[in-house]
Structure formats: C-alpha cells, structure tokens
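Trainee: sequence plus predicted model, see below.
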Amino acid sequence: MFVSTGITLTFESGFLAEIIDVTPPGASRPSIDTSHMTSASNRRSFIPGKLVDEGEAEFMIGFFPGTTPPIDSAASEVVMTFPDSAASVWTFDAFMTDYKPGAPLEDKMTATVTLKVTGLKVIT
C-alpha cells in the first residue's frame, strides 16, 4: 500500500498544473454476445472483444483564470510517475476532452481535467 502524495504528471505539450487529485486511466474491452435461439441451457454466451479502450485520466488542478487550457490541442505524450518503491511510470498519448473550472466561496479555485487516452498505455 502506498500513499499517493507525490504523483507527478508531465505533459509533452508543456501544460503545467498544480495537481491536487488524480484518477489514472483504467482499461476496458467489450464483450460480444454470441447467444442464439438454441443457446445451451437457455443462457447467454459471450466472447471477449479484441479492441481495448485505455480509458480516461481525470485530475483536479489548481485553477488559474489567466491560463488557457490546451482543450483544442492534438494528442501528446503524458507521463505519470507514482511515488511507490519502484517509482512506477505510466506513459500514454492523450488529448483533453473536458475542462471544468470551479471557484467556490471561501475555498481554493480548482479545475477538473479529463484526458482521453489514445493507443497503448505503457507501464514501466
């Protein structure tokens, strides 16, 4: 078990942010229904799909109103380094799909950023 304090994100695009909270990208793949009118024991059957979706990364950052987020930029490399004993690194290409700033009364201004991973996520 590790504490997440110390996770760093580096963006090839040069985007800089004060990271407050991170949800790393997961992965999913579809299941293909192969059921038919005479399926055994009247049960649905499935096979795994081939295409894996590496998902999305979401993180909360400090919101600075004078900074323009790269919401219209092409996909670029993102490097996420974890503070575990091996200093694990996840590297993936992603592009920003969502940017939601917030400015609550008597609290810090933050923004939630969502990145869509494209291609392979490499874990080292």
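Mentor: Yep, it's here. Numbers count the residues shown, from 1 in each chain.
Trainee: lowest average confidence, helix or strand, in the protein?
Mentor: Across the helices and strands of the chain, mean pLDDT, DSSP states H and E gives its lowest value to strand 8-11, namely a mean of 88.
Trainee: list the buried ones in stretch 20-39?
Mentor: For stretch 20-39, burial by neighbour count (16 or more other Cβ atoms under 10 Å) applies to 22, 24-25. Backbone N, C-alpha and C define where each C-beta goes, glycine included.
Trainee: what's the neighbour count on the spatially closest residue to Gly62 that is not a sequence neighbour?
Mentor: For Gly62, ignoring the flanking residues on the chain, the nearest one in space by Cβ to Cβ, 6 or more residues apart in numbering is Glu18 at 3.6 Å. The number of residues packed around Glu18, counting by other Cβ atoms under 10 Å, is 11.
Trainee: and Glu18, what's its pLDDT?
Mentor: On the pLDDT scale, Glu18 is placed at 89.
Trainee: thought it was touching Met60?
Mentor: No. Using Cβ atoms under 8 Å, Glu18 is not in contact with Met60; the gap is 9.5 Å.
Trainee: quick one: contacts for Pro83?
Mentor: Applying Cβ atoms under 8 Å, 6 or more residues apart in numbering, we find Pro83 in contact with 2-7.
Trainee: rounded mean pLDDT for stretch 91-108, please.
Mentor: Mean per-residue pLDDT for stretch 91-108: 96.
Trainee: list the buried residues of that stretch.
Mentor: 91-96.
Trainee: inside helices: which ones of the buried residues of stretch 20-39?
Mentor: Per DSSP state H, helices hold no members of the buried residues of stretch 20-39.
Trainee: what distance do you get for Phe82 to Ile7?
Mentor: 6 Å (Cβ to Cβ, to the nearest Å).
Trainee: the residue of the chain most remote from its centre and Ser45: what is the separation?
Mentor: Of all residues in the chain, Thr38 has its C-alpha farthest from the mean position, at 41.1 Å, by Cα atoms, centre = their mean. Distance of Thr38 to Ser45, given as Cβ to Cβ: 11 Å.
Trainee: next, name the residue at the spatial heart of this protein.
Mentor: The centroid of the chain falls nearest to Ala57 when counting by Cα atoms, centre = their mean (1.3 Å).
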